[in-house]
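1. quick check, what structure comes out for this input:
(chains A and B)
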Amino acid sequence: MTSPVFWIGVLTLALIYGSLAMVLNVESGWGGMWDLGTAGLLASGAYFYAIVTIDDPGLGTTFVPGWPMWLAWPAAALFTGVVAFVIAIPALRLRREYFLITTLAFAEIIRHLIVIQSDLTRGTTGIANIGRPLDGMVSGRNYNYVLFAIVAFATVIVYLITRRLGTSPYGRTLRAARDNEALALALGKRVNRMRLLTFVTAGVIIGAIAPLYLFFIRAISPSLFAPGFTFTVWTALIIGGMGSIRGGVAGAVVLIVFTEAVGLIELDPSRINILIAIEPFMVGLFLILVLRFRPEGLFTERKAFGVPRAKVDSSAAPTATADSLS
Amino acid sequence: MQFVIFGIVTGSTLAIATIGFAMVRQTENFLNIAHAQMMALGAFIGAFLVDRFDMNIFLAGAVTVVAVGLLGVVLSAVVFRPVRNQGGTVLLFTSIGLALMIYAVIIAIFSTRSRIYSVNFGGLHEFGGVNIATGELVIVGLAVAGVIALQLFLGMTSLGRSVRAVASNGELAQVRGVPVNRVSNTIWFISSAFAAMAGVMIGVLSSVNAELGWHNSLIILAAAVLGGLRSIGGVIVAGLLLGIVMDVSALYIATAYRPVVAFGVLVAVLIVKPEGIFSVVRRKDSVVT
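-> Sure thing, here's the model as predicted:
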């Protein structure tokens, strides 16, 4: 069997995904904004943090600010919020699948820009050896426990924030606007402003989570932030239950632990490609099976709020129009 | 001018790749994210046939197109039909799940190593100062033939008429006795077959690797949205235009920006005219009023 340190690492990763899934839930589950841009925002925050904390001119980047961590961390969150704002201005004019396409397009634009701007980001090579908090004090493998504690603490904070948002009048309005926008507008709720605020806040929180992800993986490259990352977060949220409060984190733990456990199967080293294939295969299979057999997920919105939810997909199903195939 | 030619070649493959995507969007009412992975699968199967069995490229292409087409029918019945009544969002995320699974299967079977089609169509031809390779001519010719065949099928056969009826109004078609399931199977066959055809074409033009599907997902989406998700003619023009814009942009900015250009165009069109540049009907459901 594998060591406890390995499983602590797996749990750390699961909690990072879980935090992101909870943030996604505020936007998509409650706000009805189907955002496929999580990877892009996370990349913005992570790269911002990595670049401003570079203190080694030997890396060959043109820009060596060497900011300390206490400055870089909030700045990364703020920067990601600004990026989210820039995306939100055009994207929020669109709905449903068009919103989804736009956010995905922005995420891909960000990823390609990171590849292209190689004198700032070191392109596909990426940036390695990112400094971590308390690194000097605990050595070697024990650091995994420290990191787990930090991430767990952050996850609790994200959970408390999203729970507060969800049960507040603000959260109720958000859900009301999702289910019946005309009604929310008629009641004098400023729906567009609220959605913008939600999207930007989500960006700030994702930006704050980004350095944690960096501490976990140590080295970043653009390929980490491919659409597959966003899909994994989405799968975690769908397993856990869209619209519920703790669904995101529960789904992420189930998904990541299960995927890693299957990845432990001993295989001949020449079949390394099968090991690489396990993660997308499991995520895809989970997504299809959950949507088919339990589309509400483990924790349902009904249970979380004690009120029936309007049919989830009636708003998202495209209406049939009469124009024909030409 | 040379870049316009490149653009037309890119655009033809893109149009072929997008047609199937747009057909599924019209009839099944969801964005099939797995479409580009079917394309990648086609590219790999074609390369495998040529490589392993020394098959003629046209024969290999035909076998691939039929095989992937049939696979598409099976997958639609197993994966999509059970969740059909749950609306577009569930179908969309199911297709993301399917895309991840096909991607995983591609890696597991063919590994992440990139491969090239070992085919040679012969040299360059020169027409009034521009060069075009025989292979590129063949690809454009096949793309045109594919589109004409599709139009003939939709226009001249009774099954094609049923397809158009379902696309126009699925419920009415069902009430009027159109065999909806048979039509659905036909659409999935055509859609997947065209995806495979585009995959083989792209493979012949450049190379095949496991990321091919993801790289093309959003570009196909862009072409489909540009063309207005509901018109095949628009999709073809949009595919060609997008191909030309991407390749001609290489004259002014670094080629690395190609995808950024495509996605930038996508975002711009979505904002200015979300119903697509060739759509007559305004898509009321797409814009916040």
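2. doesn't B:Val4 make contact with B:Gly129?
-> No - with contact defined as Cβ atoms under 8 Å, B:Gly129 does not reach B:Val4; the gap is 11.8 Å. For the C-beta atoms, the positions are set from N, CA and C on the backbone; glycine is no exception.
3. for these two, indicate the residue with more neighbours.
-> In this view B:Gly129 and B:Val4 are compared by other Cβ atoms under 10 Å in any protein chain shown, and B:Val4 has more residues nearby, 14 against 7.
4. now A:Asn192: phi and psi?
-> Torsion angles at A:Asn192 (phi, psi; degrees, to the nearest 10) stand at phi -60, psi -40.
5. what's next to the lowest-mean-pLDDT helix or strand in chain B, contact-wise?
-> One helix or strand of chain B scores below all others by mean pLDDT, DSSP states H and E: strand B:124-127, with a mean of 74. Among residues not part of strand B:124-127, those counted as contacts by Cβ atoms under 8 Å, 6 or more residues apart in numbering or on different chains are B:Asn131, B:Ile132, B:Ala133, B:Thr134, B:Leu137.
6. beta partners of the third one?
-> With DSSP bridges applied, the residues forming beta bridges to B:Ala133 are B:Leu124.
7. now do the helices in the stretch 1-150 of chain B.
-> Counting by DSSP state H, counting those that start in this stretch, the segments of the stretch 1-150 of chain B that form helices are B:2-28, B:35-52, B:57-75, B:88-110, B:134-156.
8. of the contacts of strand B:124-127, just the buried ones, ChimeraX syntax please.
-> For the buried members of the contacts of strand B:124-127, the matching ChimeraX selection, counting by 16 or more other Cβ atoms under 10 Å in any protein chain shown, is:
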select /B:132,133
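9. can I get the contacts of strand B:124-127 in CSV with pLDDT?
-> CSV is the format used below for the contacts of strand B:124-127 (pLDDT from 0 to 100):
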residue, pLDDT
B:Asn131, 74
B:Ile132, 77
B:Ala133, 78
B:Thr134, 79
B:Leu137, 83
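10. dump the contacts of strand B:124-127 to a markdown table, plus distance to B:Ala268.
-> Listed next are these as a markdown table, based on distance: Cβ to Cβ, whole Å:
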| residue | distance to B:Ala268 |
| --- | --- |
| B:Asn131 | 32 |
| B:Ile132 | 30 |
| B:Ala133 | 32 |
| B:Thr134 | 36 |
| B:Leu137 | 32 |
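11. ok, of the contacts of strand B:124-127, which one's closest to A:Pro90?
-> The shortest approach to A:Pro90 among these belongs to B:Ile132, at 38.2 Å (Cβ to Cβ).
12. can I get the helices of the stretch 1-150 of chain B in JSON lines including distance to A:Ala88?
-> Putting these into JSON lines (distance: least, Cβ to Cβ, whole Å) gives the following:
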{"stretch": "helix B:2-28", "distance to A:Ala88": "26"}
{"stretch": "helix B:35-52", "distance to A:Ala88": "27"}
{"stretch": "helix B:57-75", "distance to A:Ala88": "35"}
{"stretch": "helix B:88-110", "distance to A:Ala88": "21"}
{"stretch": "helix B:134-156", "distance to A:Ala88": "38"}
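13. and those: which comes nearest chain A?
-> Chain A lies closest to helix B:88-110 among these, at 3.2 Å (Cβ to the nearest Cβ).
14. so where do the helices sit in the stretch 101-250 of chain A?
-> Ranges of helices within the stretch 101-250 of chain A are A:118-121, A:143-167, A:169-179, A:181-186, A:191-217, A:227-240, A:247-262, based on DSSP H, counting those that start in this stretch.
15. let me fix that, I meant to ask about the stretch 151-289 of chain B.
-> With DSSP H, counting those that start in this stretch as the definition, the stretch 151-289 of chain B shows helices at residue ranges B:158-168, B:170-175, B:180-205, B:212-226, B:232-248, B:258-272.
16. possible to save those as CSV with mean pLDDT?
-> Compiled in CSV, these are given as follows (pLDDT from 0 to 100):
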stretch, mean pLDDT
helix B:158-168, 83
helix B:170-175, 80
helix B:180-205, 89
helix B:212-226, 84
helix B:232-248, 84
helix B:258-272, 80
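17. got the ones you listed as CSV, with distance to B:Ala99 and mean neighbour count columns?
-> Compiled in CSV, the helices of the stretch 151-289 of chain B are given as follows (distance: least, Cβ to Cβ, whole Å; neighbours: other Cβ atoms under 10 Å in any protein chain shown):
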stretch, distance to B:Ala99, mean neighbour count
helix B:158-168, 23, 19
helix B:170-175, 24, 14
helix B:180-205, 12, 25
helix B:212-226, 7, 25
helix B:232-248, 20, 23
helix B:258-272, 18, 20
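18. in CSV: those, plus distance to chain A.
-> Supplementary listing: the helices of the stretch 151-289 of chain B in CSV, determined by distance: least, Cβ to the nearest Cβ, whole Å:
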stretch, distance to chain A
helix B:158-168, 4
helix B:170-175, 7
helix B:180-205, 10
helix B:212-226, 5
helix B:232-248, 5
helix B:258-272, 4
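19. how about these in CSV, adding distance to B:Asn120?
-> What follows is the helices of the stretch 151-289 of chain B, written out as CSV (distance: least, Cβ to Cβ, whole Å):
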stretch, distance to B:Asn120
helix B:158-168, 37
helix B:170-175, 46
helix B:180-205, 10
helix B:212-226, 21
helix B:232-248, 23
helix B:258-272, 26
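20. quick one: closest of those helices to B:Val144.
-> If we rank the helices of the stretch 151-289 of chain B by Cβ to Cβ, the stretch that ends up nearest is helix B:232-248, at 9.8 Å.
21. got the angle between that closest one and helix B:134-156?
-> Inter-element angle recorded for helix B:232-248 and helix B:134-156: 160 degrees (by axes from the mean of the first three to the mean of the last three Cα atoms, to 10 degrees).
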